[in-house]
Every structure is written in C-alpha cells, then in structure tokens.
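Participant: Need coordinates for the following:
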Amino acid sequence: MPIPTELTVHQKSRLLDIAFDDGSAFSIPFELLRVYSPSAEVKGHGPGQETLQVGKREVGIQGVEPVGNYAVKPVFTDGHDSGIFTWDYLYKLGSEQDALWQDYLNRLHAAGFEGDSGRQTGTVLPGALVRGGVCGSGHGH
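Facilitator: Numbers count the residues shown, from 1 in each chain. Predicted coordinates for the structure are as follows:
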C-alpha cells in the first residue's frame, strides 16, 4: 500500500495535493473529495443507499485531522466531518478522478440536472428535504 509522503491543502484553488512513496502524486479537488466522502451520510449503510451530493462546487476544507497513521478526516466548510479517507481511498480518488467525475456528472444528469447545474452552491435534490447532517452519529451540525 502506498504511503503519503506529502499532503497539502490549497484553500484558494480548492485542491488537496497528495504525493505517495511510489512516486505518484495527485491534485484532488475538494468537491470530488466531498461528493465521494466514504461516510455513512454519503455512502449510506449498504449498496443502493448512496445519497447524491449536490451543490458542492464551492465547498472548502477547514482542516484535516489525522486518523491513526492510515487515514485523514477532512473538516469541510459545509459542516461535513464524518468521512475517514484512508491512504488507499485517497490513492483511488486521485488515480481514477477522471472516471469518478464522469460518473458523478452522469448521476447528476440522471437526477434531472442540466449541465453543471447540480454542482452550484445552494442546489438541492428535487423532492429532497433540506436537512442538516442527520446520520445518527450524534454530531449536531
């Protein structure tokens, strides 16, 4: 498993730069990290229970907390802070980001959003209740 040698959060460009000991390096947009967060709130508690994330184009990262020596937990500016990103998962997000972007855009289009409209700040899913991060974790957002 590749181990990160460097991890930098760029607030202005909204990119997380990560370099690994196998020589690979990636710049991962905050938005991609947010919409593919490995948290129960995003992934659900089983296959088919994923929640499509919308309106995250402008999301920022306030901080990144280490989790042991195998992962980090970003604290996003929209209050989301329950995703634990392992080194393996960050490597996957970095190396497959083109395909992941396309999959995300396809899912937005399938939900009825035209073009990039589902990424605009303040966008909500059609028919979705606007709610805080309710995922049973006891975190009040």
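
Participant: And the longest helix seen in the chain, what does it pack against?
Facilitator: Under DSSP state H, the helix in the chain containing the largest number of residues is helix 97-110. The criterion is 3 or more CB pairs under 8 Å, 6 or more residues apart in numbering; DSSP states H and E, and the helices and strands that helix 97-110 contacts are strand 25-29, helix 30-35. To be clear about C-beta, it is placed using only N, CA and C from the backbone, and glycine gets the same treatment.

Participant: Now find how far off-centre stretch 38-50 is within its chain.
Facilitator: Here the centre of stretch 38-50 is set off from its chain's centre by 13 Å, with CA atoms, centre = their mean, to the nearest Å.

Participant: repeat for stretch 76-90
Facilitator: What separates the centre of stretch 76-90 from the centre of its chain is 6 Å, taken as CA atoms, centre = their mean.

Participant: Return the most buried member of the helices and strands packed on helix 97-110.
Facilitator: helix 30-35 (a mean of 22; mean count of other CB atoms under 10 Å).

Participant: Report the mean per-residue pLDDT for that one.
Facilitator: Confidence over helix 30-35, taken as the mean pLDDT, stands at 98.

Participant: Same list, the helices and strands packed on helix 97-110, but as JSON lines with distance to G55 please.
Facilitator: What follows is the helices and strands packed on helix 97-110, written out as JSON lines (distance: least, CB to CB, whole Å):
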{"stretch": "strand 25-29", "distance to G55": "15"}
{"stretch": "helix 30-35", "distance to G55": "10"}
